[in-house]
Every structure is written in C-alpha cells, then in structure tokens.
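Visitor: have a look; sequence and predicted model below, questions after that.
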Amino acid sequence: MITTTSSSDCGRFWGLYCSTLRRNRGYFALFCTLMILFYPIQYLLEVAKAPPQGAAYLVNPIEYYHLVGLGKNFTTISTFFFTALMLVAPLILSLLLHSYMHSRKAVDVYHSLPVTRGRLLGVNAVVAMSMIATPVVISNILISVAQVVQFGFDSQRLGLIWLDCLGWLICAFAIYTVATFVSVCVGTVFDTFVFSGVLLLSMPILLGLFLLLGDTLLYGWVVSESLSYTAMMLSPVTLMISRFAFSQQALTEPYTIEGRLLVRSNLAILLWLVVALLIFWAAVRIYRVRRSELAETTTSRGVLQVLVKLVGVLVCGTLVGLLFRAINGGGESDFFFWAPIVGLLTYCIIEVILNRGFRTLLHSLPLGCLMVAIMLACPVAMATGGLGYEQRVPALDRVESVEISYTGRYGEFWGDPVQLKEMPLVAQEGNQKIDLAAINRDRVTQRFTNAVFSQPDNIQTILEFHRVAVEEQCGRLAWEDHNDRLNLNVQLTYHLKNGRRISRSYRWFSSANALMLAPLEVSEELLSQRHPAFFDQGEDVRAWTFQNLYGAQEKRTFSPEQSQEWLDAIREDLLATPLEELLHPQGQLLAIVQFEADYPRQARDRFAESGWFQVTEFTPRTRALLEKYGLLEAMSTDFSLCQGVRATVNSSENFRNGNTILADMQPQDNGSYGGIPYEEVRRMVLEDREVREQNPQDYLVPNAQGDPLTTPEPEERYWDSTLFEDPAQIQLLASLVVPCWAPGEPVAEVQFYFPQEGEDPRTVLIPLERIPQQLRAQFHYYQLAE
Amino acid sequence: MIQAENLVKCFGDFTALSALTANIPQGSIYGLVGSNGSGKSTFLRLCAGIYMPDGGSIRISGEPVYENIALKGKIFFVADDLYFLSQSNLEEIAAFYRGIYPSFSQEKYQKLCTVFPLDPHKKINTFSKGMKRQAALLLGLACQPELFLLDEAFDGLDPVIRGAVKKLLSDEIAGRGMTVLITSHNLRELEDLCDHVGLLHQGRILFQREIDELKLGFCKVHAAFPNGFDEQILQPLGVLQAERVGSLLNLVVRGTSDQVASYLRGKGAVFAEGVPLTLEEVFIHEMEAVGYDYNNILF
C-alpha cells in the first residue's frame, strides 16, 4: 500500500520556510550572537555603571550616560556595530538565499519544484526578515526593560526605541528587496553584489557629489543642512544612520529645521516601506518570466549595466577631477582636464569587468563618451555661473527679511545668545554641590548664531553689500591679485515675500566691500539681538570686571538694581554711538566693562552668559557710572612710570576678533611678549638689529628708518620693532590709542611696558594716520636680499 | 503524455531546439538519444518547466508546464549535473521534498533506503558521484512522479545499481503507469530499458519509433560461400551493407533473419545464420536510410 503526504499551499510554504531556515541556521546563530553582543550587552554595560555624583538631582539622569539615538538605546560601540550588522546582513542574506538563481545546477532543482517562483521569493524574504528581525526585536525588548528599570517609564523614549527599530527593519527589508530585484535581473552573485551596491548607494553619493561640486565651483553656494539630510534619506543604507545626528531638540521643537527634518525622516521610513514593497512586487513579476538559462551568465547588456557604468563615470570622474583640482591648485582647468579622462577610463574598466574581456570595448565607446558628456554637463553649468545662480540678488521689494551670520563686534564673545525653555529646577539637597549652570544648559532650545534684519534700510545695506560681493567675486581671486581682501564668514538667507528663500555664503571680501556692512554695527536691530545688555537682566548678573589696556583690573559685585543701572546705561550708549565713532573714533578708551551672568530660573527668549562694553569719552552714561562708583580713577594710568614702548607696523586685520569688520580692543587680549621684562625686550630688539648689520650680505637694507605712510612698499620689506623711551613721546602715543578702527587701514601695534612683574603688556591699536610724521619717521625696517 | 509542437528554444544566438515536434505516450520509457549539443537536456528542462519555450508549445497531459504547480507536482527531474541543498543530508532533503511534493511516499523512501547503500545521515556533499546519482534517483522515486525525467541517468552507476534502477523503474511503470523520459549517449544502456526511442539532431527529432518495430525491420546475417558466389544473388534482398572477408559474407538487409538465411542457403551457402542487431547498428542504418551520413551524426 502506498501512503502519500498531502501538501496544501500553506503547508508547502511552511515546509519550504522551515527547510530554508534550517539550512541557514548557522548564519542565524552568528547574526544573533553578534547582535546580542554588540547591542543589548553594550547597553547594559553602559547603564550598569555607577551614576556620577549629582546625577540624582537631575531631571533626566539618562543624559549623564554616553547613550546615543533618539531613544537613547545605543552606546558609541553599538552604534557602529549595530549599523554595520543591519546594513550588511540583508545584503548577505539576499546574496545567499538567491545564489541558486546564479547556479545552473541549483536552478534545475529550484525551478523544477512544484512551487511558484513568486512563492520562492516570498519564502526567502520571510526567512531573511525572520533572521534579521528576531534578534533585533529581542534586543530591543531587553533594552526597553533595562531602561524602564534603570530610568523609569518614559513613553516617548520607549516609543522612539521601537520607532527606530521599525525604521531599521524597514531599511533592512528595503536593502534586501533591492538586492533581490538585482538577483532576478542578473546571472552571477558578483554582478548582484556590484549592482546592488550601486543602486543602494548611487543616489546619496551622487547628491553628495553635486553638493561638493557646488561648494567647489559655484560662487556663493550654500550646502544646506536640509539638502544634506535629504541626500541621506534617498537610500535605505544612509536613512537610519542620519537619525543618529538628531538631537532631543528635534523632538521638543518640531517647527525648527531639525524638527521638520525628523518628521521628514519618519515619512521617509514609511516611503521606503512602500518603495521596498513595490520593488519586491517588481522583482516577483520579473522573476516569473526570468529565463533560467541566465544563471552563470554575465550581465553584458541591459538597463542595470548602463546604470552602473553611468554612476561609475559620474562618481569617479567627478571625484578624481576635484581631487586633482585640490592637489594641483590649478582651478577649474585641472578639473575639466582630468574629469573626462578619468571618467572615460572608468567606463572602460567597468565595461571590461562586466563583460569579462575587451571584446565589446571598442563597440561601446560612443556610449562612454556620451556618459562623460553627461558627467561634464553639471560642472560646466556651475563653472559658468550656475545659470545665473551666482549673480542672483533679490530686489528690495521682494525681501521680507534677511538672516545673516554677521554678528558684529559684540557677537562672538563667550558664545552666542540662547533661548531657554521652561523647566523646573531640581531642589538642592544637603550640601552637595551641583553644577546648576550645567543643568540649566539643558534648557537651551535655540542658539542664536545669526542676526535677522527686517527693517528696509538694513536690508538695503545687506543687498548693496551682496551686489558688490558677487560683482567682485573676491574669493576667486588669487592672493597676489588682491592682498587687500578680508576674511569674513558671511552666510545670507533672504526670506522672500513669496515664501521662498535664497541662501548664499561668502568668505572673502575687499575691504571696501566689507565696510559696506558697517552701518549694521550701530543698528538697533543687530544690537538688540546680539548685545546681552538688551536681553540680560540685572538680577542675572553675577560679577562685573573693569579693566583698562595697561593692566589695571577691578572686580565688583553690584546689587540687581545697580547691575540693571549698568545694563541700561550700556544699552543707551550703544544706541547713541554714531557709526563714525566706530570707524574713526575720537573718544579715548577709558575702560572695558565685562559682566558674567547666571542662567535665569525662568524661561527667557534670549539670554547670554557674559557681555562686554568699551567705555570711552563719547559714551556719557557709562562714563558717568564709572565716575559714580569711583572706577574712573582706578582705570587711569600714570604713563610717567612706563619704561618704554615697542611699536611696529601691521594691518588692522590683526585686531579683528570674531565675525565683525571692525578692528577693536576686546577684553583679555594677551601680548606677544608675555611676561618678558622691558629690559629683555629692549636687548632682543637691539641684538636683532646688530645681527642684521653684521650680516649685510643677506639684506638689501639691514636696518633703516622711515615713515610707513610715505616710504614705498617694496617686496620683502619687513617692519622691525621700534622702541620709544622718551616720556613725552610715550605720553603722546598713549593719547593716540583707539578702542576700534575701520578695516583695511595700516596701524601700529604698540605695547606699553610698565615695571610690574609678570604682567603681559597688551598690544594696543594706534592708526598710523594719527601718529605725527616725526614719530612715524622713526619706525625701523629691513629689506631682504632678493 | 508529452506533446511538443514546433518547440523552439534559443540561448542567445544559438538555437537549441528548432521546431521540435514529439509525442511521448503515457506509461512508456522513452529514450532520447542524440549527439552532444543536440538539445536533449534542453528538451528535458522544457518538460520540467525549468525553461520557458521561445516558440511552439509543450504540454503534459494537455496542460502547459511552465509555472504550473499542480502539474509540476507530478514531475520529477534528475539533471545530468546534480545539485543538492547545501550542507544537507539525505534525510533533510527528503524532508524538504516531503513538504513540497504531494505524492512523496515516506514508506517508499524508507524502502528505497534499504535498496541503495547510502547513509541517510551523512552530508551529501561527501558522497561520490555515483552515490549522489543514487541519492537523486532515490529521492525521485520516493516522490512517485507521473513523469520521471532522467538526464544521463546511469552516469556513474555501477552495474549492480544500474540493474537495480532499471528494475525499480520497470516496477514503477508497471505498478503506477509512470512515464520515463531518459536521455543517454549510451544506446546499449537504453536498449534493454526503453520501449520507445527518439533521435534528436540539430534541435529536431529525426525519427522516433518503438524499439521492437525498429529492430524487426532489419537483420544481420553471416553466410559462408566456400566456392564463391555471384553478387547478382544479393539483388532481391535489399542489402544495406555487405562485407566480404574471404569466403565469409556479412550482410545487413531488410527483412527477417530466417527468411534471408533460408534464401542464402538456397543459393549455395554452406552456412547462413541471423544475428540480432544492436540498437546502435539499427540507428546507423536507419540514419543512412534517411540520407544522413553516419560519421557526421552519431557518437
């Protein structure tokens, strides 16, 4: 009697599933081991560490552990290994499970089985995803439990852990389906690997190259954060990696750029699920009619091969072109010489590899030339102005507001102003010292790195500055063609009335061009956003420091009311200072006022930890306060004690600090001869002169004196240190010191030496045009032999 | 059982089967012979639903076979170049087939395991070529297919196993009416087994016949004429081949050996005796009869 087993569709699927899973149990065990070892175990080891002192007083103790990811479920090590596992596993599994398609012997067995090809693919996909998902889900359960036990139940964090888990699984599925699609289209495992890699990575790589090209060839090009993230979302390989970069701010502030990008990232995960399902559906459709005899044949024709060659030409040609441009420094000509050569060479190499020989090379060369032409189209457009991109400056009536990274002379001292969100402080228990400032820093929701202008006159100032900048294109000039240029990091974003934005970024400007931004320095719009006197309050201020330029320093503590009085005075003086007083000041510097502030306990739209201000004879309110609190006398200097002055000639550029066009004297500037007594400095200066005079063969002029403003400026001339010891001259020079000055004008760098021990004489600024001619004529210089 | 009409299969520029028409009856053991590259394996793969025809049609029991799961459940294909699931032993592969083939018989599998000297728990990739062939045949027979497709089925089998396989196939045909389509280069191998043979050449079936019918049409006769003979006496016999060595005459002629021997004795032969033709000889002469040059066609 013959007994037979029945095989229903379901049973057949299950049988095939179990059999496939059983045959791949080795890989499954390996994947599980690696996953558990490098993901939950790493997490448990991290959270098992003893919490640091004071962590108990924190609202969010988890912040003190080195945990990464929106759900705080990765350690630094697990970030790397988990990512690697989740990206490599689906690709390897797809190659393994579909390798039968690429073996004639195996395809005879599989394709003669009473199983539809669609079901074969379906079973393999379910097996692959079971093998990937099982250890990932178990790991996430372990981590969730550990997190709840250690840090308490936090629904948002747990939700994010599982959202990320879903995202990783979808991306793994997408990688698997792309490799599956390629498997059914080609005949060898090697081709599957190569083509899958190209399909998975081509979009972010090409978009990245586009951004790199724009940054290199297009004047004013801005690589937007949004576009960079979008590039990462274009591939399942990079999508989840990009989510490691999101901070907690993305969650709490959904309307910020980061918040919007996180929403876009979540949508991208969903989109990739749909795309992956569509790719899988297409793979099944193609597989149904796939010719079994394709096994072990190379992919010598078809869309995929053309795509691989095109991507290869685009990537290699562009990258090597840019590399040669950077190495040789020959500019665009280097790029346009090397990019087509390397592009064509890449085409030939890929053609030979994919066709396993040179047989088809000559015949397909026209296609290679076409691809090289496609590769050059974008760089050519960029190098010739980007189809009007470089010259585009909007009209005033189209602009709603301008956001600019120019922050002015007060803009970059001890960090940027911040916005604070409301958050209750944790009560201090016992006598344990807690870093309240560190806790309050967690409350920052926004750091104001830019200033926003919406008043028409300020917008007009920026537009005119921008027009000249694109006209001159100073950044493209060689250094020897334009040694008057000035380095300023300016990024502009015009918010247009039609809702669109125009962003540009520039680094180099002529001094005259940069000077066009000067009116912003005295505009209330800029000051109210950047100077802390406009948003810090008297009760915030912890300490005040008063200093002059010659070593006198006084620390004071004022009541909140007194501090508020100072802040009010600073604010009024700032608003009353005319532009000319900044560019060519007449008032002498009396003191530099500094204050330090504690983080406020309430929410605040804007706050800064510190601020400073120059008190001159032309800032009456603050001058009056100096007098009122007896500080004016403390800041005065007896120049009869000065032993000598060392002076040399330089550019006012050396006195520019931060992102401002003005050269000015800021607090805490150190001298270059730190701690060396005047006698020693004097000896060194005189010795240098003597050495030059004893070796005249090396110099065209070993030592001479001349007026820097009238002496011609030959090549290889260097201004030497000049010493002034006559008390009258010292007194005169001291009266010429300015608090700030316009850019691009020659100045004297001057140091006044007093007999105090260990004091660093500050380098102060005296415009050459202010120094009388008879003193200027004493400046020493030497000239090297050619 | 198998009806192929104007079947065409191409591999790039090469046409493996060109307008092949064949009809293989159910319950038969059909031997397919042909030179290398004549399209035998391609035809088998088309029958198994591995390849999709480029033209014409192939039907099994009146249905197209490609992606026809119900039909493929009744077909088992043993390829010439064998493949087994990686890292598996016979037991595991049997379990795999058990879940897929509706007619798989565990009882028969266990019985066959006693016939073939194979260790079911040993990895198949450690087997020799002949053992792998035995394993493939064992699994195929356990699946109890209605159509058993064998490509070079006896390649690597020792004579004992070869005999056992023939016996098993005969039993299956007798017991269940299984149809066997078998390809081989070895005509002597097929001679004992097949009841039908077809000759495939350049992608076409040159002819197909029942073996008995094929053999009955020809005979080979040895005769001795010590005193010589007049060649005119051979005229009525329809001689396909004549060879004279001294007084000995070897003839291949149309008709039965008894009639020819009797005729030759009547014409003075002291000795005349019919000898059975091998299938190879039948084919050679049949081919020559249809105008093909033996040297260019076979083996």
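Guide: Perfect, thanks for sending it. Everything quoted here is computed from the prediction, not taken from an experiment.
Visitor: separation between the residue in the stretch 151-299 of chain B that chain A sits nearest to and B:Asp192?
Guide: Proximity of the stretch 151-299 of chain B to chain A (Cβ to the nearest Cβ) peaks at B:Arg176, 8.2 Å away. For glycine as for every other residue, the C-beta is placed from the backbone atoms N, C-alpha and C. B:Arg176 is 21 Å from B:Asp192, where distance means Cβ to Cβ, to the nearest Å.
Visitor: these two: which has the busier surroundings?
Guide: Legend: neighbour count by other Cβ atoms under 10 Å in any protein chain shown for B:Arg176 and B:Asp192, higher for B:Arg176 (14 against 11).
Visitor: ramachandran angles for the more buried one?
Guide: Backbone torsions of B:Arg176, given as degrees, to the nearest 10, read phi -120, psi 0.
Visitor: wait, doesn't it sit right on B:Pro145?
Guide: No. Assessed by Cβ atoms under 8 Å, B:Arg176 is found out of contact with B:Pro145, at 9.3 Å.
Visitor: and the helix or strand where A:Gln751 lies, which strands flank it?
Guide: If you go by DSSP states H and E, A:Gln751 is part of strand A:746-753. With DSSP bridges as the test, strand A:746-753 is paired with strand A:644-651 (antiparallel), strand A:763-767 (antiparallel).
Visitor: what about A:Ile459, which SS state?
Guide: Per DSSP: H, G, I helix; E, B strand; the rest coil, the secondary structure class of A:Ile459 is helix.
Visitor: please tell me how far it sits from chain B.
Guide: Using Cβ to the nearest Cβ, to the nearest Å, A:Ile459 is found at 68 Å from chain B.
Visitor: hang on, isn't that residue packed against A:Val402?
Guide: Yes. With contact defined as Cβ under 8 Å, A:Ile459 reaches A:Val402; the gap is 5.4 Å.
Visitor: between these two, which contacts overlap?
Guide: Taking Cβ atoms under 8 Å, 6 or more residues apart in numbering or on different chains as the criterion, A:Ile459 and A:Val402 both touch A:Phe453.
Visitor: more crowded one of those two?
Guide: In this view A:Ile459 and A:Val402 are compared by other Cβ under 10 Å, and A:Val402 has more residues nearby, 24 against 19.
Visitor: who are the contact partners of that one?
Guide: Here A:Val402 is in contact with A:452-454, A:458-459, A:462, A:492-495 (Cβ under 8 Å, 6+ apart).
Visitor: okay, now the sheet partners of the host helix or strand of it, with direction.
Guide: Assessed by DSSP H and E, A:Val402 sits inside strand A:399-404. Note on strand A:399-404: by DSSP bridges, its sheet partners are strand A:451-453 (antiparallel), strand A:486-496 (antiparallel).
Visitor: run the chain-centre distance for the shortest one.
Guide: Read that as strand A:451-453. 20 Å (Cα atoms, centre = their mean, to the nearest Å).
Visitor: give the rounded mean pLDDT of that strand.
Guide: For strand A:451-453, mean pLDDT rounds to 93.
Visitor: just the last one next, same as before
Guide: In this model, strand A:486-496 carries a mean pLDDT of 89.
Visitor: beyond that strand, next helix or strand please.
Guide: Per DSSP H and E, the first helix or strand lying C-terminal to strand A:486-496 is strand A:501-509.
Visitor: coming back round to it: for the buried ones among the contacts of A:Val402, write the corresponding ChimeraX selection.
Guide: In ChimeraX, this line selects whichever of the contacts of A:Val402 come out buried by 16 or more other Cβ atoms under 10 Å in any protein chain shown:
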select /A:453,458,459,462,492,493,494,495
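Visitor: which one of the contacts of A:Val402 sits closest to B:Asp171?
Guide: B:Asp171 lies nearest to A:Thr493 out of the contacts of A:Val402, by Cβ to Cβ, at 86.7 Å.
Visitor: right, and that closest one touches A:Ser505 too?
Guide: No. Proximity of A:Thr493 to A:Ser505 does not meet the contact threshold set by Cβ under 8 Å, at 9.5 Å.
Visitor: stretch B:253-270: which residues count as buried?
Guide: Within stretch B:253-270, the residues scored as buried using 16+ other Cβ under 10 Å are B:253, B:255, B:257, B:260-261, B:263-264, B:269.
Visitor: likewise stretch A:601-619?
Guide: Buried-residue list, stretch A:601-619, by 16+ other Cβ under 10 Å: A:601, A:604, A:606-616, A:618-619.
Visitor: and the residue of the stretch 51-200 of chain B found nearest chain A, what helix or strand is that in?
Guide: Using Cβ to the nearest Cβ, the closest approach of the stretch 51-200 of chain B to chain A is made by B:Gly99 at 2.1 Å. Element membership for B:Gly99 (DSSP H and E) is helix B:90-100.
Visitor: repeat for B:Leu181
Guide: Per DSSP H and E: B:Leu181 is located in strand B:179-183.
Visitor: each with direction, which strands does that strand pair with?
Guide: Strands that pair with strand B:179-183, judged by DSSP bridges, come out as strand B:29-34 (parallel), strand B:147-151 (parallel).
Visitor: quick revisit: near chain B, from the buried residues of stretch A:601-619?
Guide: Among these, no residue sits close to chain B (Cβ under 8 Å from any Cβ of the partner chain).
Visitor: please flag which of those residues sit within strands.
Guide: Using DSSP state E, the members of these that fall within strands are A:604, A:606-607, A:610-616.
Visitor: same list (those residues) but as JSON lines, adding distance to A:Asp698.
Guide: Formatted as JSON lines, these follow (distance: Cβ to Cβ, whole Å):
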{"residue": "A:Arg604", "distance to A:Asp698": "62"}
{"residue": "A:Arg606", "distance to A:Asp698": "57"}
{"residue": "A:Phe607", "distance to A:Asp698": "57"}
{"residue": "A:Ser610", "distance to A:Asp698": "48"}
{"residue": "A:Gly611", "distance to A:Asp698": "50"}
{"residue": "A:Trp612", "distance to A:Asp698": "45"}
{"residue": "A:Phe613", "distance to A:Asp698": "48"}
{"residue": "A:Gln614", "distance to A:Asp698": "43"}
{"residue": "A:Val615", "distance to A:Asp698": "48"}
{"residue": "A:Thr616", "distance to A:Asp698": "45"}
